[in-house]
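Q: What follows is a predicted protein model with its sequence.
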Amino acid sequence: MSATSNTWTRETAQALHDLPLMDLLYRAQTVHRENFDPNKVQMSRLLSIKTGGCAEDCAYCSQSARNGSKLSASKLIEVERVLSEARKAAAAGSTRFCMGAAWREPKARDMDALVAMIQGVKDMGMETCMTLGMLDDTQVVQLRDAGLDYYNHNIDTSERYYPEVITTRTFADRIDTLNRVREAGMKVCSGGILGMGENGEDRIDMLVTLANLPEAPDSVPINMLMPQADTPLADAKPVDPIDFVRIIALARIMMPKSHVRLSAGRSDMSDEMQAMCFFAGANSIFAGDTLLTAENPEESSDAKLFAKLGIQPMEPDTEARLDAAE
Ligand code: SAM
Ligand code: DTB
Ligand code: SF4
């Protein structure tokens with residue numbers, strides 16, 4: 001479990017963030033080495049198990065029916081198809097399989113298929129993760145009992161900026177789902193997106209909220225907006241790469257025992273930027289050439305990058321942290 005200090009304020013976080021870059025990176029790398037092997041990066045494979053036609057209005061998302069996106073809505077895909085994709089992911093070195101659905105929340109009629117997917121993937125020896133929208137008290141128990149390891153639900157941005165991005169569910173709704181997941185005993189994966197027009201304080205406040213949860217999330221995805229055609233954020237201004245690296249470093253320092261995931265947007269990042277993110281403490285990625293609907297680097301180009309950097313894929317979670325044997 002990830003410990004949290006519970007006492008981060010915007011001021012203390014901002015002061016770290018504003019350090020000269022070399023000082024910030026040195027501190028982040030020091031914290032990283034105290035908690036993880038710095039040459040190991042965890043690899044997760046994503047699969048969209050239900051694509052498009054989502055009832056929510058997230059301004060960044062290609063899958064929202066309200067964004068007038070041209071993506072047609074699919075049904076929940078067959079369990080067998082999920083398991084065949086999971087087999088390929090395991091063969092390619094992924095140790096976690098993350099299944100995402102474009103839902104506001106799962107329906108009772110979907111639960112049996114979701115349970116079968118979790119059990120089938122676990123039988124292959126991979127960790128399981130799902131991201132299905134909001135969950136109620138019954139659903140968290142059903143997913144936990146099926147053996148779900150992680151639940152991804154992002155806060156996406158600061159509480160202040162959130163209503164500019166999503167109006168169909170609140171920041172508090174998201175925190176409620178995160179609390180339910182944690183209280184049911186599953187690991188929490190929660191982070192956000194940079195590049196949606198938020199300011200520097202919003203980025204810091206997002207990390208303060210995450211770090212001050214009753215327990216810091218086990219996994220913290222930091223996405224760089226991938227602008228999607230037909231969405232309100234299609235023409236958003238790109239994030240400055242050094243600003244992005246600073247947020248990764250700050251996330252590492254504020255949540256020392258969490259996996260910080262360099263998530264969406266890697267296909268628009270240079271090798272050098274990704275290397276700086278790993279140095280700043282990122283130690284998890286999505287592997288495979290598609291995310292949910294958007295592109296991701298080819299496995300072969302990630303393999304080349306890892307070879308150049310001397311990075312190796314991390315074993316499943318239990319062996320990953322330096323304190324795991326304690
Ligand atoms: N429907 C579920 C939900 O929103 O909780 C699960 C899937 S949703 C696509 C998961 C996360 O992906 C979002 O919370 C957001 O942080 C990230 N994401 C979605 N579209 C993105 C984009 N265009 N660029 C970067 N990140 C994105
Ligand atoms: C997360 O934070 N990023 C992933 C995962 N959690 C589910 C999703 C990225 C989606 C990128 C846009 C797309 O593929 O449509
Ligand atoms: Fe739906 Fe998730 Fe996309 Fe929001 S981010 S529109 S909830 S699929």
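A: Nice, thanks for sending it over. Numbering: from 1, shown residues only. Ligands and ions are numbered 1, 2, ... in the order given.
Q: mind listing what Asp136 touches?
A: 105, 180 (CB atoms under 8 Å, 6 or more residues apart in numbering). (C-beta placed from N, C-alpha, C; glycine too.)
Q: again with the one 5 residues further on
A: By CB under 8 Å, 6+ apart, the contact set of Val141 is Ala184.
Q: So it belongs to a helix, correct?
A: Yes. Judged by DSSP: H, G, I helix; E, B strand; the rest coil, Val141 forms part of a helix.
Q: Quickly note the distance from it to Ala184.
A: Per CB to CB, to the nearest Å, Val141 is found 6 Å from Ala184.
Q: and what of Met276?
A: Plainly put, Met276 is 37 Å away from Ala184 if you go by CB to CB.
Q: out of these two, which sits in the busier spot?
A: Met276 (21 against 18; other CB atoms under 10 Å).
Q: residues in contact with the helix or strand that one falls within?
A: Assigned by DSSP states H and E, Met276 falls within helix 271-279. Helix 271-279 is contacted by residues 25, 28-29, 41, 241, 244-245, 248, 262, 266, 269, 305, 308-309, 311 when judged by CB under 8 Å, 6+ apart.
Q: Buried ones only from these, please, as a ChimeraX command.
A: Entered in ChimeraX, the line below selects the buried ones among those, by 16 or more other CB atoms under 10 Å:
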select :25,28,29,41,241,244,245,248,262,266,269,305,311
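Q: out of the contacts of helix 271-279, which are inside helices?
A: Those of the contacts of helix 271-279 mapping onto helices are 25, 28-29, 241, 244-245, 248, 305, 308-309, per DSSP state H.
Q: Just the CA trace of stretch 104-121, in PDB.
A: Extracted in PDB, the C-alpha atoms of stretch 104-121 (Å, rounded to 0.1, in the frame of the first residue of the first chain):
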ATOM      1  CA  ARG A 104     -20.800   6.400 -17.400                       C
ATOM      2  CA  GLU A 105     -21.100   3.300 -15.200                       C
ATOM      3  CA  PRO A 106     -21.500  -0.400 -15.800                       C
ATOM      4  CA  LYS A 107     -25.000  -1.900 -15.900                       C
ATOM      5  CA  ALA A 108     -26.000  -4.900 -13.800                       C
ATOM      6  CA  ARG A 109     -26.400  -7.000 -17.000                       C
ATOM      7  CA  ASP A 110     -22.700  -6.500 -17.900                       C
ATOM      8  CA  MET A 111     -21.300  -7.800 -14.600                       C
ATOM      9  CA  ASP A 112     -21.200 -11.500 -15.400                       C
ATOM     10  CA  ALA A 113     -19.100 -10.900 -18.600                       C
ATOM     11  CA  LEU A 114     -16.800  -8.500 -16.700                       C
ATOM     12  CA  VAL A 115     -16.200 -11.100 -14.000                       C
ATOM     13  CA  ALA A 116     -15.400 -13.700 -16.600                       C
ATOM     14  CA  MET A 117     -12.900 -11.300 -18.300                       C
ATOM     15  CA  ILE A 118     -11.100 -10.700 -14.900                       C
ATOM     16  CA  GLN A 119     -11.000 -14.400 -14.000                       C
ATOM     17  CA  GLY A 120      -9.700 -15.400 -17.500                       C
ATOM     18  CA  VAL A 121      -6.900 -12.800 -17.500                       C
END
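Q: distance between it and the chain's centre?
A: Averaging C-alpha positions (CA atoms, centre = their mean, to the nearest Å) puts stretch 104-121 20 Å from its chain's average.
Q: ok, and for that stretch, which residues are buried?
A: Residues of stretch 104-121 classed as buried: 105-106, 110, 113-118, 120-121 (neighbour count, 16+ other CB under 10 Å).
Q: do the same with stretch 273-290
A: So, applying 16+ other CB under 10 Å, buried residues of stretch 273-290: 273-288.
Q: Give me the residue ranges of the protein where confidence is low.
A: Under the criterion pLDDT under 70, the flagged ranges of the chain are 1-6, 68-70, 316-326.
Q: and it, which of its residues are near ligand 2?
A: Contacts of the chain with ligand 2, taken as CB under 6 Å from any ligand atom, map to 46, 62, 100, 131, 152, 154, 191, 221, 223, 226, 263-264, 291-294.
Q: excluding its backbone neighbours, what's nearest Gln312?
A: Of all residues not flanking Gln312 in the chain, Lys40 sits nearest, at 5.6 Å (CB to CB, 6 or more residues apart in numbering).
Q: Make sure that neighbour is actually in contact with Ser284.
A: No. Counting by CB atoms under 8 Å, Lys40 does not reach Ser284; the two are 9.8 Å apart.
Q: How many residues are close by whichever residue of the stretch 101-250 of the chain sits closest to ligand 3?
A: Ligand 3 sits closest to Ala102 of the stretch 101-250 of the chain, with a gap of 3.7 Å, by CB to the nearest ligand atom. Counted with other CB under 10 Å, the neighbours of Ala102 add up to 27.
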